[in-house]
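S.K.: coords please:
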Amino acid sequence: MQPIGVARAVEEFLDHLEHGRGLSAHSIRAYNGDLDNLVAFVRQRVDGEPDASGLDLDTLRDWLWASTEQGLARATIARRSASARAFTRWMHESGRIDTDPGLRLRAPKAESRLPRVLTSPQIGGVLDSLAAGAVSGDPVALRDLAVVELLYGSGLRVGELIGADLPDVDLERLTVRVLGKGAKQRVVPFGVPGAAALGRYLTEGRPTLAARPSADPRAFFLGRTGKRLGTRSVYALVARLLEPLPGSGPAGPHTLRHTAATHLLDGGADLRAVQELLGHASLGTTQIYTHVSTERLRESYRSAHPRA
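M.R.: Okay, here's the model as predicted:
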């Protein structure tokens, strides 16, 4: 067996994730960050460049212990453990090492937290404020209203939203075609208010942004310079909108996805239909929203019932 350095093995593993498994850029960045940290840790323990064959279970356990001593959250340590197990399993299956040292690697379970969900009045207020800002016809305001309408109306991931091209949005059928995790394509519906916002952006807002010298001719959503709208811009937009609202937890685009799923279940939607809408590979992932709906029911009961 030809020896291979750990750093080189990580590069080949990331290439496999991108081209062999079609993982999203976000997922690959997460793996990259975790495994770069592992490589740096191993380099501190050996002279020269560490060899992949020297990566054993004790080293992996020590790495997770060091992560714990740094005060990292249990969720982060659990993710690092999962990254290491996927990496060592791939090395073993591809013949780069004789045994899989991550097979018995364990990490603390991530803390179970229910996702942040906006109430119907809260999301209604957000959309009303965006609609009021779009009355002037400002192209960015029109775009922002369309972005939030689509995020909430279809429960899209931010990467799916910004990856949409002009032919992907069908205003007649009220659907958008997106490329989800694992390079899986699906067609997702949106509502009439969303169609109105998307249509107005397309006819009144996008042409101004598309006139910029560096404009992307295919992208549906454009930034101020005309290039495809970026993830960071969408995060900044949603964070600004959610900042004044009560509630704890993350304030990003995924909050709108959580909100859409929970409101669908609250309204009586079938769990498998919600799974299909969100593009979840496992029904178990979608079931978290049934717990959210139950918790919302408990809160309503405690605050409203005289015998609570």
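
S.K.: quick one, helices of this structure?
M.R.: Using DSSP state H, the helices of the chain run over 6-15, 25-43, 57-69, 74-93, 120-134, 139-154, 158-162, 192-200, 206-210, 231-242, 253-266, 271-278, 283-286, 288-304.

S.K.: can you list contacts of the fifth one?
M.R.: This means helix 120-134. Defining contact as C-beta atoms under 8 Å, 6 or more residues apart in numbering, one finds that helix 120-134 is touched by 118, 141-142, 144-145, 148-149, 152, 193, 197, 200, 241-242, 245, 247, 256, 259, 263. Bear in mind the C-beta positions are built from the backbone N, C-alpha and C, glycine included.

S.K.: next: the first one.
M.R.: Taking contacts as C-beta under 8 Å, 6+ apart, the residues outside helix 6-15 that touch it are 28, 31-32, 35-36, 38-39, 42, 49-52, 55, 87, 90-91, 96.

S.K.: got it, and stretch 41-56?
M.R.: Among residues not part of stretch 41-56, those counted as contacts by C-beta under 8 Å, 6+ apart are 1, 3-9, 39, 59, 62-63, 66, 88, 91, 96-98, 101.

S.K.: if you set the cut-off to 6 Å instead, what comes out?
M.R.: Contacts to stretch 41-56, defined as C-beta atoms under 6 Å, 6 or more residues apart in numbering, come from residues 3-6, 9, 63, 96-97, 101.

S.K.: now swap in stretch 96-111 and tell me
M.R.: Taking C-beta under 6 Å, 6+ apart as the rule, stretch 96-111 contacts 4, 52-53, 55-57, 60, 64, 74-75, 77-78, 81, 84-85, 88-89, 91-92.

S.K.: average pLDDT for that stretch?
M.R.: Per-residue confidence for stretch 96-111 averages out to 82 on the pLDDT scale.

S.K.: and what of stretch 270-284?
M.R.: The model assigns stretch 270-284 a mean pLDDT of 84.

S.K.: CA atoms of it as CSV?
M.R.: What follows is the C-alpha trace of stretch 270-284 in CSV, where atoms were taken according to Å, rounded to 0.1, in the frame of the first residue of the first chain:
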residue,chain,number,x,y,z
ASP,A,270,-49.4,15.7,5.4
LEU,A,271,-46.0,15.0,6.9
ARG,A,272,-44.8,13.2,3.8
ALA,A,273,-45.9,16.1,1.6
VAL,A,274,-43.9,18.4,3.8
GLN,A,275,-40.9,16.1,3.5
GLU,A,276,-41.2,16.2,-0.3
LEU,A,277,-41.5,20.0,-0.2
LEU,A,278,-38.4,20.5,1.9
GLY,A,279,-36.4,17.9,0.0
HIS,A,280,-35.6,15.8,3.1
ALA,A,281,-34.1,12.4,2.4
SER,A,282,-35.5,11.0,5.7
LEU,A,283,-38.9,11.4,7.1
GLY,A,284,-37.3,11.5,10.5
